[in-house]
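*Asks:* structure for the following, please:
(chains A and B)
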Amino acid sequence: KTQVEQSPQSLVVRQGENCVLQCNYSVTPDNHLRWFKQDTGKGLVSLTVLVDQKDKTSNGRYSATLDKDAKHSTLHITATLLDDTATYICVVGDRGSALGRLHFGAGTQLIVIP
Amino acid sequence: DMKVTQMPRYLIKRMGENVLLECGQDMSHETMYWYRQDPGLGLQLIYISYDVDSNSEGDIPKGYRVSRKKREHFSLILDSAKTNQTSVYFCASRSGTGVSGNTLYFGEGSRLIVV
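*Replies:* Model prediction:
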């Protein structure tokens, strides 16, 4: 059973609009949560990592939240650009060390149109 | 420049042939991973390596083996490739210890087609 569910599966927005991507998970324990960006045909690039029970991070136009009680995270992208077109992947780690496992969502495909 | 390099990037093999996928990193990271990515699924862990000659099976190790003789180099081997091993394979390495002080670095993927 998939332990990390992302929604929507795909999303089309116009350049300049804001968007919100969702991540729900059932991984236990949930030590931390990461968001990655994957351009078509490329590897994953880390955007942010969330650690605390209720956490918020900000990285330029990307901001993310985590609520471990709800096992839910959001990734907000403000003022989208054409270069934001990519797949965004939510990853939950069950431990802080390398001994832990990473649980990957299938991703949300974001398409930004002019 | 921190980088994970995968070779080859694209590969077509016949069923039953052997496949060697290579991964290198220039960051002296101890931990390295091999994943495969299939449409509609999250990345699945094939093998993890904690250091030279310290490898552990992931969630889907069947049909694969690995080799890590140098810290900077981690190979994935398919002995007698099968058509269901057609996939995109990603190598990753991890810096540091704990969560906040470490980052995962991914290669750009090796696209394998088995016919």
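*Asks:* quick one: A:Lys54 and A:Asp67 touch, right?
*Replies:* Yes - using CB atoms under 8 Å, A:Lys54 is in contact with A:Asp67, at 5.6 Å. C-beta: built from backbone N, CA, C; applies to glycine.
*Asks:* which bits of chain B sit near chain A?
*Replies:* B:4, B:30-31, B:35, B:40-45, B:48, B:50, B:90, B:92, B:94, B:97-100, B:103-104, B:106-109 (CB under 8 Å from any CB of the partner chain).
*Asks:* what's around the residue nearest to B:Gln25 when sequence neighbours are not counted, how many residues?
*Replies:* Nearest residue to B:Gln25, sequence neighbours excluded (CB to CB, 6 or more residues apart in numbering or on different chains): B:Ser93, at 4.4 Å. Residues near B:Ser93, counting by other CB atoms under 10 Å in any protein chain shown, number 27.
*Asks:* show me what contacts B:Ser93?
*Replies:* By CB atoms under 8 Å, 6 or more residues apart in numbering or on different chains, B:Ser93 lies in contact with B:4, B:25, B:27, B:29, B:31-33, B:104-105.
*Asks:* repeat that for 10 Å
*Replies:* With contact taken as CB atoms under 10 Å, 6 or more residues apart in numbering or on different chains, B:Ser93 is in contact with B:2-4, B:23-33, B:49, B:71-72, B:74, B:103-107.
*Asks:* which SSE is it in?
*Replies:* strand B:87-94 (DSSP states H and E).
*Asks:* which SSE is immediately downstream of that strand?
*Replies:* Elements were assigned by DSSP H and E; along the chain past strand B:87-94, the next helix or strand is strand B:104-106.
*Asks:* from A:Ser7, how far off is A:Trp35?
*Replies:* Distance of A:Trp35 to A:Ser7, given as CB to CB, to the nearest Å: 14 Å.
*Asks:* so between those two, which is more surrounded?
*Replies:* A:Trp35 (25 against 12).
*Asks:* appreciated, that's everything.
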